[in-house]
Structures are given as structure tokens and as C-alpha cells.
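Colleague: From the sequence below, what's the structure:
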Amino acid sequence: MTAAVPEPLVPDVDGVWFRLEVDDPAGGAPYGQYHREDDLVWAEFYTGGRLRSGRLVGLLRPDGSFDAAYCLVTATGDLVSGECHSTPEFDAQGNIWIRDHFRRADGTTGISAIRQIPAPVREA
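Modeller: Below you'll find the predicted structure:
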């Protein structure tokens, strides 16, 4: 008799806050909150580094990754749009990090990483 192999635990991004990993954290980094309802995933991104605001919306795949479109406004007023394939995983501490393979509308491609952070304190 063999034991059943458990399926890998897929991170749920719903309600989780993240910050973009950057080379110079002293320069600030954008942060945002992800949401999920069934197979719909969306996020709002807030100021930090070169970002003024941004949005993302996409669809969850059965393996826990998701495909999404995004649009951003930079601090200098540039508009950036594109699509990404995002893979959430757990790090050694049990926090979620997401690897984003992106392709911008201008043809630029790359990989970015965002890490889970505590919810920011908001002033009332």
C-alpha cells in the first residue's frame, strides 16, 4: 500500500499586500494589494519609486499561477501597459513571493519579483 502524494499547497493572494523588489530599496518601491474571487485576480498598486499608480486584472490557472493585463502611470506621467504571467510561491519563512514574466506594449520583456509585506498602516 502506497501513501497518497499530497498536492502542493498553492498560495492564495487574496487580501495580501506586496512590495516590488528593487536594487535600491532606499529609493522606494511600489507596493500594492492583490485580491481574488474564484478565478478572477486583481490588484491595485500605489506610489513608490517611479510608480504613481497602477492596476492589474487577470485569470487564475488551476496550478495557482495567473495571466493578467496591467496599466501603470509613472511618477513622470508616462503610461505603461502590458501583460504578465505570474507565479506565486512560498519562501522559506512561509511568506508569498510572486515572479512576474512581463511583456510591455512597447515590446520590452523581463522578470520582476514582488514579496509579501505586512499591511501598511493607513491614516484615518
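Colleague: Name every strand pairing with the longest strand anywhere in the chain and say which way it goes.
Modeller: Using DSSP state E to define each element, the chain has its longest strand at strand 79-90. According to DSSP bridges, strand 79-90 has the following sheet partners: strand 66-74 (antiparallel), strand 96-104 (antiparallel).
Colleague: would you turn those into CSV with mean neighbour count?
Modeller: All C-beta atoms are positioned from the backbone trio N, CA, C, and that covers glycine. Formatted as CSV, the strands paired with strand 79-90 follow (neighbours: other CB atoms under 10 Å):
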stretch, mean neighbour count
strand 66-74, 17
strand 96-104, 17
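Colleague: Tell me which of those approaches Arg50 most closely.
Modeller: Arg50 lies closest to strand 66-74 among the strands paired with strand 79-90, at 5.2 Å (CB to CB).
Colleague: coming back round to it: what would the strands paired with strand 79-90 look like in JSON lines with mean pLDDT and distance to Leu40?
Modeller: Below are the strands paired with strand 79-90 laid out as JSON lines (pLDDT from 0 to 100; distance: least, CB to CB, whole Å):
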{"stretch": "strand 66-74", "mean pLDDT": "97", "distance to Leu40": "9"}
{"stretch": "strand 96-104", "mean pLDDT": "97", "distance to Leu40": "16"}
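Colleague: Could I get these in CSV, plus columns for distance to Phe18?
Modeller: Converted to CSV, those look like this (distance: least, CB to CB, whole Å):
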stretch, distance to Phe18
strand 66-74, 13
strand 96-104, 7
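Colleague: Any chance you could list what contacts the longest strand of the chain?
Modeller: 9-11, 13, 56, 58, 64-74, 96-105, 108 (CB atoms under 8 Å, 6 or more residues apart in numbering).
Colleague: ok now it, how far from the chain's centre?
Modeller: On the basis of CA atoms, centre = their mean, to the nearest Å, strand 79-90 is displaced by 6 Å from the centre of the chain it belongs to.
Colleague: Thanks again, I'm all set now.
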